[in-house]
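>>> Could you look at this predicted model? Sequence included:
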Amino acid sequence: MPIQVLMPALSPTMTEGTLAKWHVKEGDEVSSGDVLAEIETDKATMEFEAVDEGTIAKILIAEGTEGVAVNEPIAILAEEGEDPAEAAKAKVDGGGAAKSEEPAKQEPAERETVAQEEAKPTPGAASDAKPAAGEGQKAPPAPRTEDGERVLASPLARRIAAAEGVDLTRVEGSGPHGRIVREDVEGAIATGGAKAAPAEKPSTGGAPAAGATPSPAPASPDDPIFQMLPSFEEVPNSGMRRTIAKRLTESARETPHFNLQVDVEIDTLMAMRKQLNERDGADYKISVNDFIVKATALALQRVPDCNVAYTEKAVLKFSRVDMAIAVAIDGGLITPIIKDCASKGLATISKEAKELAGRAREGKLKPEEYQGGTFSISNLGMFGIKSFNSIINPPQGGILSVGAGEQRPVVKDGALAIATVVTLSLAVDHRCIDGATGAAFMKELKTLIEDPIALML
Amino acid sequence: MADNTYDVIVVGGGPGGYVTAIRSAQLGFKTCVVEANHLGGICLNWGCIPTKALLRTAEVYNNMKHAADFGLKVEGVSFDLEKVVKRSRSVAGQLSKGVAHLLKKNKVDVVDGFGKLAGGKEGARKVAVEKDGKKVVDLTAKHVILATGARARQLPGLEVDGKLVWSYREAMVPEDMPKSLIVVGSGAIGIEFASFYHTMGAEVTVVEVMDRILPVEDPEISAFAKKSFEKQGLKILTKAQVKELKKGAKDVTAVVEMDGKTQEIKADKLISAVGIVGNVEDIGLEGAGVKVEKTHVVVDEYSRTGVPGIYAIGDLTGPPWLAHKAEHEGVICIEKIAGVADVHPLDTGRIPGCTYCHPQVASVGLTEQQAKDKGHKIKVGRFSFIGNGKAIALGEPEGLVKTIFDEKTGELLGAHMIGAEVTELIQGYSIAKTLETTEQELMHTVFPHPTLSEMMHEAVLDAYGKVIHM
């Protein structure tokens, strides 16, 4: 029975991707683990490996095709003993019938084993033939991935997912062997990341639906307005470009941003940095930004009301600081995350930041390394930018923009003096962080940066 | 000179410490345990295990006294206290040797002495070991895990003197059987001793300051236990406090205040079981900058103290004071250090608790009140031992199994049991909680007949109006 190779979901939020490159051609024999293709997801290019072995009978989607929906068949694999030529003729269907959001679509005939299992009522449903009064609970069926494999999820996770309309195939499990547990589903609900209906909703946050108008579609290159402009080259939107456009438009439209600015003096910090970096046997080189990252994490720990995310039901206060650091890369930007940043030392933060940024530029970050994060930092100081405001990276509650360190005249004790000063700008989501709270955080941050010995405690 | 540098030093060889050390060695760390007294700690030598040996004696003795109920003729039932205690000690001794063997098998070094933090720096923490005031050795390790445990709390006026006022320790090795006994405190330790001494023939009065005995259990279970104990002849005073203790030559008189009235209770001995305090003293915490709150070390969810390279687990870090909590914390702590994938903090809501009195008490998760306080809409199921065939056949018709479910999600929020063998049964519900089962899976699990476990099934069915045998 020929096997359909489906477009994989390489991250929980991926709905479509670009088939960047085929590593195999029709007629090639592949075995489990062989790299079949490179798939460009929202933010990174990832290798897609074969699960089954066999011969590539037919390639359905040409390389370079953009916007390939997750679960769309991309190739047909003939199993051992099957004639690839015959297999290539196998009926192509929509695939992914096991997805819970498409109850009407049945499993295709070619995959009858799975279809039969699906058709069998689960034990939970079986003995409910005569439900007692007031009892409507049925064990939700175990969901399956596009490969027909069972999604490992606890019964409670399945129950909650069914009630809240969460598609478990898009939830990453944190339990043993990647099993999805209650916490994961609740996390997905909180971040709005895994709704069963594909994300065409105009609103992901708490904006009332009645007031939400569809966003104006971006202009098409064919628009007459462009005919009046100088000639141009069309650079097709990459997955990353589309993600940046989508998420930041959403954020700018739906998140009530407000900004707070403060100047901090970093002479003491720079002296300490020099001292640390010049220590014998120092195998690190701590940057000013590393100090700011650490200070921000500690300030968030001290003002936990700023380490939050707004959801429809509740403001989520995170138990630790996972710091997303904006890194400019070819064709866009990405935010690798330093997890549990407040509890890490400067040297560790520095090393991790360097290593993550390096791999970010090579496009080799794993989804879990750039998705998540409770707060962001963006630094344009190296370009001499004095100060700027960033757009919040949802669902996070805030982002800190770091300007250049420069010598500026300051007034100290009534006299003019020179100090090295950095302007920090905070953008926060007013739905969950109020002015005074944001200000308290900035005050804490200023204190920590100007008295950096506190960072060592 | 021996190499005194380790990857991991565990200070304290109790259930938390030795288990952590074994896991540490399994993970490839060069590991050492520093233990001042006995391997196995209080649990194995002076707590969980030897009391279970004593309570087993009480159980057999009680069954023999009721032999006629089973059609047996037994005459002249009596006991030899010295041998009862000897059995308990030999059980502890055997297991302590077992721990030594396990550590050796896993190539964990054991240093005999009292270990304390003695400076060093991140990556090379020092532990100084002393024995009888003399220095034994200085050890160094990247990671030091403190597992020094806890001891009985002393109440002013009820200080343990070892003669008339006992702690658990004296109560475990009685030379003579007291004719009468006052037990102050009705947590697991107090109630187990009350149950033991009462069964062995002492006249026992339990004095509890709270409004019910076994205060951490579901109130319904507390009430059931009180009724059952009173039926056996134990005297139980709740909302009562010992205001004064007068010591005679061979007995004590406790002045107990209850409901605004005072009464005097005379007894041969008094057992003080009023809680536990962490062994935070003299282990170098202050010098190392480890934060101590009241009598326990403050740690995060992975047992980190905040001082790099210093960790604390088990009773030292506060309640629940349970060996199995310490073991799990230790394993999580060392696996986190080793960078094992998918290490999760211990969910304290899933730690079962057991009390081995007669009838036994066991529970896991939230009480009914706690569930309501947390805002759950709940479904509650109950099943009595009287409806269970095996319980009747065993001659144990008294008991109750209670389940609490979240109405919306079907999550098993809590389970509470009292009656024969429930300490062996509770694990079924613990697994159910860990696997996040809902009532559906529990209903469709086949429980073997005839067993006491069938009551666990029925208590689930009852919560959903489907109970069969009631």
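Perfect, I can see it now.
>>> rest of the way, CA atoms for contacts and neighbours
Will do.
>>> so where is the chain shaky, pLDDT-wise?
Here I'm looking at chain A. A:12-13, A:42-43, A:89-149, A:193-217 (pLDDT under 70).
>>> nope, chain B
In chain B (pLDDT under 70), the answer is B:1-2.
>>> Give me every residue in it lying close to chain A.
For chain B, the residues found near chain A under the criterion Cα under 8 Å from any Cα of the partner chain are B:342, B:409-411, B:435-438, B:440-441, B:444, B:465-466.
>>> Point me to the residue of the stretch 301-450 of chain A nearest chain B.
Distance from chain B to each residue of the stretch 301-450 of chain A (Cα to the nearest Cα) is smallest for A:Ser343, at 8.2 Å.
>>> Give me the neighbour count for that residue.
A:Ser343 has 17 neighbouring residues, counting by other Cα atoms under 10 Å in any protein chain shown.
>>> how about it, phi and psi?
Main-chain dihedrals, A:Ser343, degrees, to the nearest 10: phi -90, psi 0.
>>> same deal with A:Ile74?
Main-chain torsions, A:Ile74, degrees, to the nearest 10: phi -110, psi -20.
>>> Number of residues surrounding it?
For A:Ile74, the neighbour count with other Cα under 10 Å is 21.
>>> Export whatever helix or strand A:Lys446 lives in to CSV, keeping only CA atoms.
Using DSSP states H and E, A:Lys446 sits within helix A:435-450. What follows is helix A:435-450 as a C-alpha-only set of coordinates in CSV (Å, rounded to 0.1, in the frame of the first residue of the first chain):
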residue,chain,number,x,y,z
GLY,A,435,2.1,52.7,34.1
ALA,A,436,3.2,52.6,37.7
THR,A,437,4.1,48.9,37.4
GLY,A,438,6.1,49.5,34.3
ALA,A,439,7.8,52.5,36.0
ALA,A,440,8.6,50.4,39.1
PHE,A,441,10.3,47.9,36.8
MET,A,442,12.3,50.6,35.1
LYS,A,443,13.4,52.0,38.4
GLU,A,444,14.5,48.6,39.5
LEU,A,445,16.4,48.1,36.2
LYS,A,446,18.1,51.4,36.5
THR,A,447,19.2,50.6,40.0
LEU,A,448,20.6,47.3,39.0
ILE,A,449,22.5,48.6,36.0
GLU,A,450,24.0,51.6,37.9
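>>> Sort out which residues of it are buried, please.
Within helix A:435-450, the residues scored as buried using 16 or more other Cα atoms under 10 Å in any protein chain shown are A:Gly438, A:Ala439, A:Ala440, A:Phe441, A:Met442, A:Glu444, A:Leu445, A:Lys446, A:Thr447, A:Leu448, A:Ile449, A:Glu450.
>>> Next: stretch B:194-205.
Applying a neighbour-count criterion of 16+ other Cα under 10 Å, one finds B:Ala194, B:Ser195, B:Phe196, B:Tyr197, B:His198, B:Thr199, B:Met200, B:Ala202, B:Glu203, B:Val204, B:Thr205 buried in stretch B:194-205.
>>> give me every residue that touches the nearest residue in space to A:Leu380 that is not next to it in sequence.
Nearest residue to A:Leu380, sequence neighbours excluded (Cα to Cα, 6 or more residues apart in numbering or on different chains): A:Gly403, at 5.7 Å. Counting by Cα atoms under 8 Å, 6 or more residues apart in numbering or on different chains, A:Gly403 touches A:Asn379, A:Leu380, A:Gly381, A:Gly384, A:Ile385, A:Lys386, A:Ser387, A:Phe388, A:Val422, A:Thr423, A:Leu424.
>>> now do A:Ser401
Counted by Cα under 8 Å, 6+ apart, A:Ser401 has contacts A:Ile377, A:Ser378, A:Asn379, A:Leu380, A:Ser387, A:Phe388, A:Asn389, A:Ser390, A:Leu424, A:Ser425, A:Leu426, A:Ala427.
>>> Helix, strand, or coil at it?
At A:Ser401, secondary structure determined by DSSP: H, G, I helix; E, B strand; the rest coil is strand.
>>> Show me the residue at the heart of the chain, geometrically.
Defaulting to chain A. Using Cα atoms, centre = their mean, the residue of chain A that lies closest to the mean C-alpha position is A:Gln371, 3.1 Å off.
>>> Hmm, no, I was thinking of chain B.
Central residue of chain B (Cα atoms, centre = their mean): B:Leu322, at 4.5 Å.
>>> What segments of the stretch 351-470 of chain B are strands?
Here the stretch 351-470 of chain B has its strands, by DSSP state E, counting those that start in this stretch, at B:353-355, B:361-365, B:378-384, B:400-406, B:412-418.
>>> how about the helices in the stretch 351-457 of chain A?
A:367-370, A:435-450 (DSSP state H, counting those that start in this stretch).
>>> tally of neighbours for A:Met240?
Residues near A:Met240, counting by other Cα under 10 Å, number 20.
>>> isn't it right up against A:Gly332?
Yes. The pair A:Met240 and A:Gly332 qualifies as a contact (Cα atoms under 8 Å) at a distance of 6.7 Å.
>>> Chain A - how does it break down into domains?
Annotated domains of chain A cover A:1-92, A:98-126+A:139-197, A:240-456 [automatic domain parsing].
>>> Turn those domains into JSON lines, columns for distance to B:Gly115.
Converted to JSON lines, the domains of chain A look like this (distance: least, Cα to Cα, whole Å):
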{"stretch": "domain A:1-92", "distance to B:Gly115": "49"}
{"stretch": "domain A:98-126+A:139-197", "distance to B:Gly115": "36"}
{"stretch": "domain A:240-456", "distance to B:Gly115": "27"}
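>>> Now do the same contact list for the residue in the stretch 1-150 of chain B that chain A sits nearest to.
Relative to chain A, the nearest point of the stretch 1-150 of chain B is B:Glu122 (11.5 Å; Cα to the nearest Cα). Shown in contact with B:Glu122 (Cα under 8 Å, 6+ apart): B:Lys142, B:Pro308, B:Gly309.
>>> By residue count, tell me the biggest strand in chain B.
Determined from DSSP state E, the single longest strand within chain B is strand B:134-146.
>>> Would you mind pulling the contact partners of the helix or strand following it?
Per DSSP H and E, strand B:134-146 leads on to strand B:150-152 as the next helix or strand towards the C-terminus. Under the contact criterion Cα under 8 Å, 6+ apart, strand B:150-152 has outside partners B:Ser167, B:Tyr168, B:Ala273, B:Val274, B:Gly275, B:Ile276, B:Val277, B:Gly278, B:Asn279, B:Asp315, B:Leu316.
>>> On the three-state scheme, the fourth one is what?
Recorded secondary structure, B:Val274: coil (three-state DSSP).
>>> pretty sure it contacts B:Glu159?
No. Proximity of B:Val274 to B:Glu159 does not meet the contact threshold set by Cα under 8 Å, at 10.9 Å.
>>> Of the two, which one has the most company?
B:Val274 (21 against 14).
>>> Would you enumerate the residues in contact with the nearest residue to that one once chain neighbours are set aside?
Ranked by Cα to Cα, 6+ apart and with sequence neighbours excluded, the top spatial neighbour of B:Val274 is B:Gly185, at 4.9 Å. By Cα under 8 Å, 6+ apart, the residues touching B:Gly185 are B:Ile191, B:Val206, B:Val207, B:Glu208, B:Val209, B:Ser272, B:Ala273, B:Val274, B:Gly275.
>>> let's see it at 7 Å
Residues in contact with B:Gly185 (Cα atoms under 7 Å, 6 or more residues apart in numbering or on different chains) are B:Val207, B:Glu208, B:Ser272, B:Ala273, B:Val274.
>>> For chain A, see how far away it is.
From B:Gly185 across to chain A, the span is 36 Å (Cα to the nearest Cα, to the nearest Å).
>>> What is the burial count for residue 154?
No chain was given, so I picked chain A. Count around A:Ser154 with other Cα under 10 Å applied: 21.
>>> Actually, chain B is the one I wanted.
B:Gln154 has 16 nearby residues by other Cα under 10 Å.
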